[in-house]
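[1] test case, fold it:
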Amino acid sequence: MNKLPPKANLDHLKKQAKALLRLYRNGDAAAIARFIHHLPAAAHRTESEVVALQLRLHDAQSCIAREYGFPSWAELSVHVEASGLAHHEQAVLIRRWLDLAYGGDVTGTYLAARPRVAVQLLHNHPDLIATDAYVACAAGHLETVSRTATTDPDWLHRAGGPLNLPPLVAVTHSCLGQLPEVTTQLRECAQHLLQAGANPNQHIGNRLPPASLATPNEMEPLSALYGAAGVIRDPALTELLLKAGADPNDGESLYHSLENPDCTRLLLRHGARVAGTNALRRALDMPDPTALELLLAHGGDANEPAGEGPTKTWGAPLLRAIAVRRSPRHIAALLAAGADPKAQTADGVSAWRLATQVGLPEVVALLRTYGAEEKLTADDEFVAACARADASEARRIQTRYPDLPGSLPEDRLRLLPDTAAWGSRAAVKVMVELGWPIDARGGDWDASALNHAVFSGDAELTAFLLAHGASWRETQGFGDNVLGTLSWASVNEPTGPENPDWTGCARALMAHGLPKVEQDPSNPQRLLIEGRPTRFSEEVTEVLLAAGGVTAE
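    Residues are numbered from 1 along each chain as shown. Purely as a prediction, here's the structure:
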């Protein structure tokens, strides 16, 4: 692994990536070998296979980042930017470091935490731990935490530091706890604070915008337990707090614990109530049914009434589970817990018909055993054929009923964006080719198929939709268009999509009529599109500027 220079320059690193890409395109064996060794997409391939990949600038940047020990170019960029603050006052560096250690609900921004970058910075600036108690809390440095608590016993009970955090919250909300090498240290710090008298129910108000660090939303308290169970998701730290008296019914911990059912199990064992938390519906977002089974076994209502938002669209949990294509095991758990097998959506679509519409034959068969079978109409058969990407059957039905799909009600037409959100590319293509309205909105954030494709980084589907008339101006439920979707996804890199290619999505958009792209003269990290400033990832920015004949500064 190469060692990053102490005063690394991002422009110089960009030039390294461009030079690597030139060598690769010229067939340089050493350059190809670097890709094979460091880039996952090129690993275990032959030279000719790597050449055939037609790697691009973002691949070269990723390779450079990995050569320096960073998992992505975004991580490397943030590290270089933060390291550049070293010549400023130490308070500036500390504040930036804390931004990297915590998520937006603590820092008051939309920026994601970068725990690995934070750890790298500490290696370069170990003095930060010894001089700042809040850096020590986030890094799990017991010696400094202990010394501070001994010197100032009242420190245990008050909020402070640049982020105005109580010490126990500062420890349990640190995203460094997601790294195995730091988890144990944070547990030790939490245990020391509790033994010294810290209140296990310390909390802060949520700072996520539109709230802020200065004006947190006190109606959404974020407890120390929520940090342990819902941010770090560490069962040992969760149990430590629960045994010390932390309240499991804090309004957030159970809901956010579900990605680690071991944390969920502990909360339920210590009296967490399922009702009123929306945790059961959140469990339907999990591909693993374990969390759902736990909630149902501890009083979760399999017929829980729908609230507002996407849950209201589908109604009962069984319908929601079917709509988001959960496994037969999810469905079986709900039915075994008493879910009504004949539940219907607000538009009168039954669970059985919905299962046929979204292409879940195993669920259809399971519902049949509960007596839920119905006679399907031609509309139902057509929708079901589209959902399972059976183009020949769908065309056969369409020949008999040429008004399809135009005659379908709105709740059926949303199956196109819903299917795009599930990632069923083949079914989306069948629907579009058969004439489904391409700008129909659906999915959990009320967006068009193009928005969902871009969010997932599905460049192939993005290009297909654009070629069939989709527009980058299509809006979504957050009030933005497809460029806003690309901006958010490329900057924040959501974990759901598999092998996302946001640069490929950007190229597809540029090839289908995106307006002129210019660099924002007031902020080099943003682009101007029709006069509107928008920020994208480094890689996407490079693509958009290059396509417009502009070179990034």
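
[2] neighbours of L208, just the number please.
    Counted by other Cβ atoms under 10 Å, the residues lying close to L208 total 18. The C-beta positions use only the backbone N, C-alpha and C, and glycine is treated the same way.

[3] again with the one 3 residues further on
    Counted with other Cβ under 10 Å, the neighbours of A211 add up to 17.

[4] list phi and psi for it.
    Per-residue torsions, A211: phi -70, psi -180 (degrees, to the nearest 10).

[5] who's in contact with the closest residue to it other than its chain neighbours?
    Closest residue to A211 apart from its sequence neighbours, by Cβ to Cβ, 6 or more residues apart in numbering: N217 at 4.1 Å. N217 is in contact with G205, N206, R207, L208, A211, counting by Cβ atoms under 8 Å, 6 or more residues apart in numbering.

[6] for the stretch 401-550 of the chain, which spans come out with low pLDDT?
    Across the stretch 401-550 of the chain, the ranges flagged by pLDDT under 70 are 495-497, 547-550.

[7] least confident secondary structure element in the chain?
    Ranked by mean pLDDT, DSSP states H and E, the weakest helix or strand in the chain is helix 310-314, scoring a mean of 56.

[8] CA atoms only: put the helix or strand following it into PDB for me.
    Under the assignment DSSP states H and E, the closest C-terminal helix or strand after helix 310-314 is helix 317-323. Taking Å, rounded to 0.1, in the frame of the first residue of the first chain, the C-alpha atoms of helix 317-323 are listed here in PDB:
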ATOM      1  CA  PRO A 317     -48.500  -5.000   6.900                       C
ATOM      2  CA  LEU A 318     -49.200  -8.100   4.800                       C
ATOM      3  CA  LEU A 319     -50.000  -5.900   1.800                       C
ATOM      4  CA  ARG A 320     -46.900  -3.800   2.400                       C
ATOM      5  CA  ALA A 321     -44.800  -6.900   2.600                       C
ATOM      6  CA  ILE A 322     -46.200  -8.100  -0.700                       C
ATOM      7  CA  ALA A 323     -45.800  -4.700  -2.400                       C
END
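
[9] could you name the helices and strands sitting against helix 317-323?
    Contacts defined by 3 or more Cβ pairs under 8 Å, 6 or more residues apart in numbering; DSSP states H and E place helix 317-323 against helix 279-283, helix 310-314, helix 328-336, helix 351-357.

[10] now the next helix or strand after the last one, how far from the centre of its chain.
    Per DSSP H and E, the first helix or strand lying C-terminal to helix 351-357 is helix 361-369. Going by Cα atoms, centre = their mean, to the nearest Å, the spacing between the C-alpha centre of helix 361-369 and its chain's C-alpha centre is 31 Å.

[11] swap in stretch 21-30?
    Between the centre of stretch 21-30 and the centre of its chain there are 34 Å (Cα atoms, centre = their mean).

[12] which residues touch that stretch?
    For stretch 21-30, the surrounding residues in contact (Cβ under 8 Å, 6+ apart) are A31, I32, F35, E47, V51, L55, R56, L57, D59, A60.

[13] ok, stretch 356-376 next?
    Stretch 356-376 is touched from outside by 322-323, 325, 328, 331-332, 335, 341-342, 349-353, 355, 380, 383-384, 387-389, 412, 415, 418-419, 424, 427, with contacts defined as Cβ under 8 Å, 6+ apart.

[14] list the beta-bridge partners for the residue nearest to A211.
    Beta bridges link N217 to N206 when assigned by DSSP bridges.

[15] check which helix or strand covers I204.
    I204 belongs to strand 203-206, assigned by DSSP H and E.

[16] and that strand, what other elements does it pack with?
    Partner elements for strand 203-206 (3+ Cβ pairs under 8 Å, 6+ apart): strand 217-223.

[17] what's the offset of the strand it packs on from the middle of its chain?
    Going by Cα atoms, centre = their mean, where strand 217-223 is centred and where its chain is centred differ by 22 Å.

[18] buried residues in it?
    N217, E220, P221, L222, S223 (16 or more other Cβ atoms under 10 Å).

[19] sorry, back to before: which ones among the contacts of stretch 21-30 map onto helices?
    In this view, the contacts of stretch 21-30 that belong to helices under DSSP state H are A31, I32, F35, E47, V51, L57, D59, A60.

[20] state the distance from S327 to P180.
    29 Å (Cβ to Cβ, to the nearest Å).

[21] settle it for me: which of these two has more neighbours?
    S327 (15 against 7).

[22] pretty sure that one sits against T290.
    No: if you go by Cβ atoms under 8 Å, S327 and T290 don't touch, sitting 11.4 Å apart.

[23] ok, the residue lying farthest from the centre of the chain to D28 distance?
    Distance from the C-alpha centroid of the chain peaks at R400, with 43.0 Å (Cα atoms, centre = their mean). Applying Cβ to Cβ, the value for R400 to D28 is 60 Å.

[24] residue boundaries of the helices in the stretch 101-250 of the chain?
    For the stretch 101-250 of the chain, the helices defined by DSSP state H, counting those that start in this stretch occupy 104-107, 115-124, 127-131, 133-139, 142-151, 167-172, 180-195, 224-226, 235-243.

[25] quick one, which of the ones you listed is nearest to P437?
    helix 104-107 (35.1 Å; Cβ to Cβ).

[26] in PDB, list the C-alpha atoms belonging to that closest one.
    What follows is helix 104-107, C-alpha atoms only, in PDB (Å, rounded to 0.1, in the frame of the first residue of the first chain):
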ATOM      1  CA  GLY A 104     -26.200  14.300  10.300                       C
ATOM      2  CA  ASP A 105     -28.700  13.900  13.200                       C
ATOM      3  CA  VAL A 106     -25.800  14.900  15.500                       C
ATOM      4  CA  THR A 107     -23.900  17.400  13.300                       C
END
